[in-house]
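# Coordinates for the following, if possible.
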Amino acid sequence: MALPGNTSIRPIHLDDDAAMAAIIRTVMPEFGATGCGFAISDPEVDWMSRAYAEPRHAYFVVERDGRVIGGAGVAPLAGDDGDTCELRKMYFLPEARGSGAGAAMMAACLEAARSFGFRQCYLETLTGMDAAMRLYERSGFRRIDGPMGATGHGGCNTFYLLDLASP
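Now for the predicted structure:
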């Protein structure tokens, strides 16, 4: 998918960590996601490049005119058998929303998940993140009744799963 202007998606670098931490800490409160049980309190937020350098992990940033404006990644779902990954920490500043960056980011994450051999992709979100939920559903995710794995995101209340064998 072509992105507008000087916008691109690329793997996260060490010098992107502060920008992504600031984005996550800016976006989460916008949707009422503060305190324990949300990414905002996750210590990995401050060192994303290192956290996603592990095997079967990938994190990408959206960059426009040399400035990081969002990101998302995949990693093995904690507490699972290894066949399922989790779409993690997908957050965009308002200026990135509605530009096609979400769909392009989703494609990059799902391509990485498939290349790592995952069979399913799971995600957690919360009521009120309506645009994100529409993106998930357009991408083939289906709602499931409850949480999977051991993510530690006790504040989330909406859960999705995607069969990665389907394009």
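# after the helix or strand where residue 131 lies comes which helix or strand?
In the assignment (DSSP states H and E), residue 131 maps to helix 130-138. Using DSSP H and E, the helix or strand that follows helix 130-138 towards the C-terminus is strand 142-144.
# Would you mark the buried spots in that following strand?
For strand 142-144, burial by neighbour count (16 or more other Cβ atoms under 10 Å) applies to no residue. C-beta coordinates here come from the backbone N, C-alpha and C atoms, glycine included.
# switch to numbering from 583
Right, with 583 as the first residue, what we last looked at is strand 724-726.
# What strands line up against it, and which way round?
Counting by DSSP bridges, the strands paired with strand 724-726 are strand 740-745 (antiparallel).
# give me phi/psi at residue 600?
Residue 600 adopts backbone torsions of phi -60, psi -40, taken as degrees, to the nearest 10.
# Count the neighbours of it for me.
Per other Cβ atoms under 10 Å, the neighbour tally for residue 600 reads 13.
# Kindly report the same for residue 718.
Neighbours of residue 718 using other Cβ under 10 Å come to 24.
# so what's it up against?
705, 707, 742 (Cβ atoms under 8 Å, 6 or more residues apart in numbering).
# Repeat the analysis, applying 7 Å as the threshold.
By Cβ atoms under 7 Å, 6 or more residues apart in numbering, the residues touching residue 718 are 705, 742.
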